[in-house]
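Asks: the following block contains a protein sequence and its predicted model.
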Amino acid sequence: MSTKSMPVLTLQGARTAVAAAEKRAQEIGVPMNIAVVDSSLHLLAFARMDGAKLTSVDIAINKAFTAAGHRAPTSIYKDNVWPGGPAFGINNSNGGRFMTIAGGVPVVQDGVVVGAVGCSTGTPPQDEDVAGKGVEAVVKTFGPKAKL
């Protein structure tokens, strides 16, 4: 067979993620830039909350890009990207878009990465928490076969 059917993150799913992430950002009192990409790494939805850092717009988008493209949360790089680490310099790959700061979380459905949520403005743990709430909302809304 030369083709394969795969689950796809829809615009509705992306909007669900953004809404849940916005809600969590409000709960913790940190306005965020929130980006959602599909499995082909293209932007599906974006929100810049009032007060979110303007310099974090690209960071949020690139966190989502990295999490979807590498099929892993961006937080996994923390201990490996320092000088001498096994992934030192990886942030220069993909035209400088590869993000090694927590806040990018993939959306997995039926064992397939269908996209990712990236958040930026807070601390790395805050960004990851907010992105994670977006992912959780998509998984909860779109089926029990979806998993993190």
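Replies: Looks like it came in fine.

Asks: and Ser39, what does it touch?
Replies: Taking CB atoms under 8 Å, 6 or more residues apart in numbering, we find Ser39 in contact with Met6, Val8, Leu9, Ala68, Val112, Val113, Val114, Gly115. The way it works is simple: take the backbone N, C-alpha and C, and place the C-beta from them, glycine included.

Asks: tell me the SS of the nearest residue to the second one once chain neighbours are set aside?
Replies: Spelled out, that is Val8. Once flanking residues are discounted, Val8 sits nearest to Val114: 6.1 Å by CB to CB, 6 or more residues apart in numbering. Three-state assignment for Val114 (DSSP: H, G, I helix; E, B strand; the rest coil): strand.

Asks: pretty sure Val114 contacts Val135?
Replies: No - look at Val114 against Val135 with CB atoms under 8 Å: they stay out of range, at 10.5 Å.

Asks: identify the contacts common to these two.
Replies: In contact with both Val114 and Val135: Val107, using CB under 8 Å, 6+ apart.

Asks: picking up where we left off before, the residue nearest to Val8 and Ala67, how far apart?
Replies: According to CB to CB, to the nearest Å, Val114 stands 12 Å off from Ala67.

Asks: just Phe98 next, same as before
Replies: Phe98 is 11 Å from Ala67, by CB to CB.

Asks: what about these two, which has more around it?
Replies: Ala67 (29 against 21; other CB atoms under 10 Å).

Asks: any idea how far that one lies from Gly134?
Replies: Counting by CB to CB - Ala67 and Gly134 are separated by 11 Å.

Asks: give me the common contacts of these two.
Replies: With CB under 8 Å, 6+ apart as the test, Ala67 and Gly134 both reach Val105, Val117.
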